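Asks: kindly return the folded structure for what I paste below:
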Amino acid sequence: MYPSCCSHLSKLTYEENLLKHQTMQKNSKRNNNSRVSDIDLNSVNTEEKKKESRNNFVELLPPEVTLNIFHQLDIQSLCRASMACRSWNDMIKNSDSLWKPHCLTVRAVCQREIDGDLESGYSWRVILLRNYQKSKVKHEWLSGRYSNICSPISLPEKIMYPMDADTWGEILEAELER
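Replies: Coordinates of the predicted model:
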């Protein structure tokens, strides 16, 4: 027992303990509700993932079949497909064989550049990334599209690409032969 001067303490302590206990029970209920909602959210997420994977042929089909499907795409479609979802991106990005045929097409215009990149050990994907835009611009120049340009102002700025001296030499030779 407490001395008389402290008797209010025992009452206060009891009331404090009761209040703490009630607060703890409320928090416990909230936490349980929160856990239930977390479980509900997790099950919803799991269901969504299952539904997505059912619709994702990359995860369902054998890799050989998936690669065969992706092999049918042109460069633009392949790049768009790589943005569809992570599994498609991983498959496309990590399958060098998908990029080789496109790279060989670009090689028709940029043979020296492609061969140099191959000797340097770049992957087909990286070689294509390094040379695709250049091949488009170089092809325009070599085909004579810009043969009758009167001034640098007449050149379309947005499709220009920095090229080395050898490339400009090839373009100049083509112009002189016209």
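
Asks: pLDDT below threshold where in the chain?
Replies: Along the chain, segments meeting pLDDT under 70 span 1-55, 158-159.

Asks: mind doing that once more with 50?
Replies: Within the chain, the segments meeting pLDDT under 50 span 1-12, 36.

Asks: let me see the ranges of the helices in it.
Replies: Secondary structure of the chain by DSSP state H: the helices cover 7-55, 57-60, 63-71, 75-82, 86-93, 96-107, 111-119, 124-142, 165-177.

Asks: show the contacting residues for Ile114.
Replies: Under the criterion of Cβ atoms under 8 Å, 6 or more residues apart in numbering, the contact list for Ile114 reads 103, 106-107, 127, 131. (Each C-beta comes from the backbone N, C-alpha and C, glycine too.)

Asks: nearest to Asp117 among those?
Replies: Proximity of those to Asp117 (Cβ to Cβ) peaks at Ile127, which lies at 4.4 Å.

Asks: contacts only, for the closest residue to the closest one other than its chain neighbours.
Replies: Leaving aside its sequence neighbours, Ile127 sits nearest to Asp117 (Cβ to Cβ, 6 or more residues apart in numbering; 4.4 Å). When contacts are counted by Cβ under 8 Å, 6+ apart, Asp117 touches 126-127, 130-131.
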